[in-house]
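S.K.: Output the structure for:
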Amino acid sequence: MNYKTHMNGGILGSIYLTSQMSNIELLPVSIFIGGSILGSLLPDIDHKSSYIGKKAKPVSRVINKLAGHRQLFHSPLLYLILYLVATYNIKDTYKLTFINGLFLGIGSHLVLDSLTVGGIPWFYPLSKKKISLGKIKTNSQLEFTFCGILIFVNIVILLDLLRITSIFTFTQH
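M.R.: Predicted coordinates for the structure are as follows:
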């Protein structure tokens, strides 16, 4: 998947979860969504031609040389361990909100990459076998259509959150 699809997947996850909460405050929601957007791009740091890889070329090159693309940095097990380490003993609400958003975005990235023909190694490092749950090719017409649907759903939920319209009523009014 390309970065636009990943970003919209991260946004969808975060604004949908936000829509299910009551007493929404702007700062924590912004921190959560920001973390989710960053997280939705982060796993592709292992590919020097990716959006985030281009922004951090030296880091991306080293990671790619050491770990390859869609291996360690596309391993749910790695992120589960990192999440447990990152959240252990954190008391600051804003830091925890950011970390939760970050890992939600990472999770959305992994799910979306599972829908591609290449898949991801869900059980890496126990198994390098990549599992594909879909037939989407990166930058194909199908991906562009899928991204358009994500954008549409994001707009609908956002309009609902802002109480502008309630087409599907995602929030409790």
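S.K.: tell me which residues in stretch 26-39 are buried?
M.R.: Neighbour-count burial for stretch 26-39, counted by 16 or more other C-beta atoms under 10 Å, picks out 28, 29, 31, 32, 33, 34, 35, 36, 37, 38, 39. Backbone N, C-alpha and C define where each C-beta goes, glycine included.
S.K.: which of those residues lies closest to residue 155?
M.R.: residue 33 (14.2 Å; C-beta to C-beta).
S.K.: Can you name the residues that contact that closest one?
M.R.: 11, 14, 15, 18, 101 (C-beta atoms under 8 Å, 6 or more residues apart in numbering).
S.K.: on that earlier part again, what is the nearest of the buried residues of stretch 26-39 to residue 164?
M.R.: Distances from residue 164 to those, taken by C-beta to C-beta, are shortest for residue 29, at 16.2 Å.
S.K.: can you pull the pLDDT of the closest one?
M.R.: If you check residue 29, the pLDDT there is 90.
S.K.: same check, this time on the one 5 residues further on
M.R.: With respect to pLDDT, residue 34 has a value of 96.
S.K.: And for the one 3 residues further on?
M.R.: Each residue has a pLDDT score; the one for residue 37 is 97.
S.K.: Checking my notes, it in a strand, right?
M.R.: No. Residue 37: not assigned to a strand; according to DSSP: H, G, I helix; E, B strand; the rest coil it is helix.
S.K.: quick one on the thing from earlier: distance to residue 116 added to the buried residues of stretch 26-39, as a markdown table?
M.R.: Listed next are these as a markdown table, based on distance: C-beta to C-beta, whole Å:
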| residue | distance to residue 116 |
| --- | --- |
| 28 | 32 |
| 29 | 30 |
| 31 | 30 |
| 32 | 26 |
| 33 | 24 |
| 34 | 26 |
| 35 | 24 |
| 36 | 20 |
| 37 | 20 |
| 38 | 21 |
| 39 | 18 |
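S.K.: which non-adjacent residue is nearest residue 73?
M.R.: Distances taken as C-beta to C-beta, 6 or more residues apart in numbering place residue 46 nearest to residue 73, at 4.1 Å, with adjacent residues excluded.
S.K.: is it true that that neighbour touches residue 69?
M.R.: Yes. Taking contacts as C-beta atoms under 8 Å, residue 46 lies within contact range of residue 69: 5.1 Å.
S.K.: So for the two, which sits in the more crowded spot?
M.R.: Between residue 46 and residue 69, counted using other C-beta atoms under 10 Å, residue 46 has the larger neighbour count: 25 against 20.
S.K.: who touches residue 31 in this structure?
M.R.: For residue 31, the contacting residues are 94, 97, 98, 101, by C-beta under 8 Å, 6+ apart.
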